[in-house]
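Student: Sequence isn't available, so here's the structure alone:
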């Protein structure tokens, strides 16, 4: 299944037909509910559940928890505290198996 996805990905380059453009767009920007392949977890040897799953959510989140951010700001002098400088990260939530622990 994973190899089929990789082959499909390579066939959607160049000057594709309109339907192929839509497929390439969906592969580049999947929506919740889509079957996805996540490369970094596919290399895990401890389970066959990883790598292929259903996308639950894809969103930008704070890079640290609110408590961690508050602790960092408290450690700085008041004139150096800047709430606008808080870092973000992109989070992908993929359901790899049947239970909540497989997210």
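Tutor: Everything's here; your move. Treat the numbers as computed from the prediction; the structure is a model and nothing was measured.

Student: Mind listing the residues bridging to the nearest residue to residue 32 once chain neighbours are set aside?
Tutor: Distances taken as C-beta to C-beta, 6 or more residues apart in numbering place residue 55 nearest to residue 32, at 5.4 Å, with adjacent residues excluded. Using the backbone N, CA and C atoms, a C-beta is placed for each residue, glycine as well. Taking DSSP bridges as the rule, residue 55 bridges to residue 94.

Student: and if you look at residue 89?
Tutor: residue 61.

Student: In this structure it contacts residue 59, no?
Tutor: No: using C-beta atoms under 8 Å, residue 89 is not in contact with residue 59; the gap is 10.0 Å.

Student: number of nearby residues for residue 102?
Tutor: 13 (other C-beta atoms under 10 Å).

Student: which residues does the spatially most central residue of the chain contact?
Tutor: Geometric centre of the chain, nearest residue: residue 92, 2.6 Å, by C-alpha atoms, centre = their mean. Applying C-beta atoms under 8 Å, 6 or more residues apart in numbering, we find residue 92 in contact with 38, 55, 57-58.

Student: Give me the subset of those that lies in strands.
Tutor: Secondary structure from DSSP state E places 55, 57-58 of the contacts of residue 92 in strands.

Student: Out of those, which comes closest to residue 66?
Tutor: residue 57 (19.1 Å; C-beta to C-beta).

Student: show me what contacts that closest one?
Tutor: Neighbouring residues of residue 57 by C-beta under 8 Å, 6+ apart: 32, 91-93.

Student: if I look at it, how far off is residue 102?
Tutor: Distance of residue 57 to residue 102, given as C-beta to C-beta, to the nearest Å: 15 Å.

Student: Restricted to helices, list the contacts of residue 57.
Tutor: In helices, judged by DSSP state H, none of the contacts of residue 57 are found.

Student: any idea which helix or strand of this structure has the worst average confidence?
Tutor: When the helices and strands of the chain are scored by mean pLDDT, DSSP states H and E, helix 39-42 comes last with a mean of 65.
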